[in-house]
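A.B. asks: Dropping a prediction and its sequence here:
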Amino acid sequence: MTDVIEQTGAILVTETALNMVRNLLTEKNVPDYGLRVFVAGGGCSGMQYGMALEAEAREYDHVIEQDGVKVFVDPTSMMYLTGATVDYVDSIMGGGFKIENPNAVSSCGCGSSFKTEDSAGASSAASCGSGGCGC
């Protein structure tokens, strides 16, 4: 049996992002899937955000259900994402998901890479100025 941590309020997903996830689930014909939001090492600021559609939660995942949309977050990523807001922004330059993270002390211009207070002193292999994040 998989241990799943039920949690609400740890990550907020805006109505615009919820609608986009619903559209993606319908388009991909996977209506019962959820959105995995995660943090991985990399990017010009040291850490980067990632998202994927997944069939079910993994062991020890936090599962946040908001207006019928499930969001899966592993425990390590939750340490960096607590209090974050997932939004979908559509602009003339294109649309995409955006994470507003109160735990980030700095982020790359592309918005997909960030640094936390704990990682702020660590040096990274690349920087935005050197084109490391591909912004």
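C.D. replies: Cool, got the structure. Numbers count the residues shown, from 1 in each chain.
A.B. asks: residues contacting Gly83?
C.D. replies: Gly83 makes contact with Ala10, Ile11, Asn101, Pro102, Asn103, according to C-beta atoms under 8 Å, 6 or more residues apart in numbering. C-beta coordinates here come from the backbone N, C-alpha and C atoms, glycine included.
A.B. asks: For Val39, give me phi and psi.
C.D. replies: phi -120, psi 140 (degrees, to the nearest 10).
A.B. asks: So it sits against Pro75, correct?
C.D. replies: No. If you go by C-beta atoms under 8 Å, Val39 and Pro75 don't touch, sitting 11.1 Å apart.
A.B. asks: More neighbours: which of those two?
C.D. replies: Val39 (24 against 11; other C-beta atoms under 10 Å).
A.B. asks: how near is that one to Leu25?
C.D. replies: 23 Å (C-beta to C-beta, to the nearest Å).
A.B. asks: Can you name the element that comes right after the helix or strand of the chain with the lowest mean pLDDT?
C.D. replies: Lowest on mean pLDDT, DSSP states H and E among the helices and strands of the chain sits strand 5-6, with a mean of 46. Sequence-wise, the next helix or strand downstream of strand 5-6 (DSSP states H and E) is strand 12-13.
A.B. asks: And Val69, how close does it get to Asp87?
C.D. replies: From Val69 across to Asp87, the span is 14 Å (C-beta to C-beta).
A.B. asks: overlap in contacts of the two?
C.D. replies: Val13.
A.B. asks: For the nearest residue to Glu100 once chain neighbours are set aside, which residues are in contact?
C.D. replies: Spatial nearest neighbour of Glu100, excluding adjacent residues (C-beta to C-beta, 6 or more residues apart in numbering): Thr85 at 4.4 Å. Applying C-beta under 8 Å, 6+ apart, we find Thr85 in contact with Ile11, Leu12, Val13, Thr14, Ile99, Glu100.
A.B. asks: what separates Thr85 from Ala55, distance-wise?
C.D. replies: Taking C-beta to C-beta, one finds Thr85 at 25 Å from Ala55.
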